[in-house]
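Asks: Sequence and predicted structure, then a few things I'm wondering about:
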Amino acid sequence: MYTFMKVLSWIICHLPDGARRTLGHFLGWFFWTFVPKKRKKLAQQQILDCGITDDPEKAMAIAKASSCRFGPMIIEVLSYPVYTKEILDEKITWHGKEYLDELKESGEGAVFMASHAGNWELLGAVLAMNGYPLISVAQQQDSHSADTFINEYRAMMKQHVTYKTGIRDMVRFLQEGHYIGLLMDQDPGYTGILVKLFGRDTLTADGPAKMAGIKNYPIISTFIHEDRPYHHVIDVLPPIRPYTSDHRLSREEKDRIVYETTQALNDRLEARIRQYPEDWFWLHNRWKWTKRYKEKVANGEMAAKR
């Protein structure tokens, strides 16, 4: 796999822009063709359940667009060897960049709320190439060759990668003024807490809120959207700080703040998805463990959590 991806990357890097776009659209169509029908129906139903649309045909069109975008995404990642900061600057329009510049000037660490909306790989690359000290927290893959390839290409973009098991490393990085990128839009299983997403109780990762709460680090929400072929807009929202006072907090107060902060982040995510529904990863079964959890609570097998 590693050798194949390197050869494919070399070919793509030597193609003209028009050919890259064509290949990206083909790869997206190819990917959608092989998505199981059951998974397509799941994506369609989640879009309907979230109230994005009440038209099943439109919901399926959104699911298809959401999946087909992986073609152009892959092309951009495989193009990293020829991407310089100057090239990336031409491909990006910023909104809210002043929040990042103020944070960088302060030297303070921060937690970045990341999501599978838009080209999240490119977002991380742009942030790192612009000198923001981003640490990407990744899920270790089963395939060693896939891990080696993606981490090598992230390193080309000056990203540092750590895995979910490296909590001590993450704390150290924060103390040193780095930014920890944590994905929080996937189903975390029973480890999450229940907050609202699209009006539905949803088990949600509270890692960003807890990590930021260590020393009241700011949480930065960043989103990326492709507004035209291979040109993107990055939106940086005002930072959120979990704590507003310096007095010693009780366990109950800390739990409440983690809940409220996680809810605020979900609200931001929901607003973004409603704005650009085709940008989110609808093929992921977002409420799988929430449904299982509710069944266990109803059967008395688990205590209800907030």
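Replies: Okay, I see it. Numbering: from 1, shown residues only.
Asks: show me what contacts Thr33?
Replies: If a contact means Cβ atoms under 8 Å, 6 or more residues apart in numbering, then Thr33 has no contacts. C-beta here means a position set from N, CA and C on the backbone, and glycine is covered the same way.
Asks: isn't Gly71 right up against Gly24?
Replies: Yes. With contacts counted by Cβ atoms under 8 Å, Gly71 reaches Gly24, the gap being 4.5 Å.
Asks: When these two are compared, which one has more neighbours?
Replies: More neighbours surround Gly24 than the other of Gly71 and Gly24, with 24 against 19 (other Cβ atoms under 10 Å).
Asks: Might you report the residue contacts of the more buried one?
Replies: With Cβ under 8 Å, 6+ apart, Gly24 has these contacts: Gly71, Pro72, Met73, Ile74, Ile75, Glu76.
Asks: what secondary structure does it sit in?
Replies: helix (DSSP: H, G, I helix; E, B strand; the rest coil).
Asks: rewinding a little: quick one: which of the contacts of Gly24 sit in helices?
Replies: Applying DSSP state H to the contacts of Gly24, the entries found in helices are Gly71, Pro72, Met73, Ile74, Ile75, Glu76.
Asks: for Gly118, phi and psi?
Replies: Backbone torsions for Gly118, taken as degrees, to the nearest 10, come to phi 70, psi -160.
Asks: what's the closest non-adjacent residue to it?
Replies: Leaving aside its chain neighbours, Gly118 sits nearest to Ile224 (3.9 Å; criterion: Cβ to Cβ, 6 or more residues apart in numbering).
Asks: The helix or strand containing that neighbour: which residues count as buried?
Replies: Take DSSP states H and E as the rule and Ile224 turns out to sit in strand 219-228. Using 16 or more other Cβ atoms under 10 Å as the test for burial, strand 219-228 gives Ile219, Ile220, Ser221, Thr222, Phe223, Ile224, His225, Glu226.
Asks: before we move on, what about stretch 105-119?
Replies: Glu108, Gly109, Ala110, Val111, Phe112, Met113, Ala114, Ser115, His116, Ala117, Gly118, Asn119.
Asks: CA-only coordinates of that stretch, as PDB, when you get a sec.
Replies: C-alpha atoms of stretch 105-119 as PDB (Å, rounded to 0.1, in the frame of the first residue of the first chain):
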ATOM      1  CA  GLU A 105       1.600  36.000  19.900                       C
ATOM      2  CA  SER A 106       0.600  35.100  23.500                       C
ATOM      3  CA  GLY A 107       2.500  31.900  23.400                       C
ATOM      4  CA  GLU A 108      -0.300  30.100  25.100                       C
ATOM      5  CA  GLY A 109      -1.300  26.500  24.400                       C
ATOM      6  CA  ALA A 110      -4.800  25.800  23.000                       C
ATOM      7  CA  VAL A 111      -7.200  23.000  22.100                       C
ATOM      8  CA  PHE A 112      -8.500  22.900  18.600                       C
ATOM      9  CA  MET A 113     -12.000  21.500  18.000                       C
ATOM     10  CA  ALA A 114     -11.600  19.500  14.900                       C
ATOM     11  CA  SER A 115     -14.300  17.700  12.800                       C
ATOM     12  CA  HIS A 116     -14.800  15.700   9.700                       C
ATOM     13  CA  ALA A 117     -16.200  18.700   7.900                       C
ATOM     14  CA  GLY A 118     -14.600  19.800   4.700                       C
ATOM     15  CA  ASN A 119     -11.000  18.800   3.900                       C
END
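Asks: can you pull out the strands in the stretch 151-300 of the chain?
Replies: All strands of the stretch 151-300 of the chain, identified by DSSP state E, counting those that start in this stretch, fall at 160-163, 179-183, 193-197, 200-204, 219-228, 231-236.
Asks: quick one on the thing from earlier: for the contacts of Gly24, pick the one with the most neighbours.
Replies: Tallying neighbours with other Cβ under 10 Å puts Ile75 at the head of those, with 24 neighbours.
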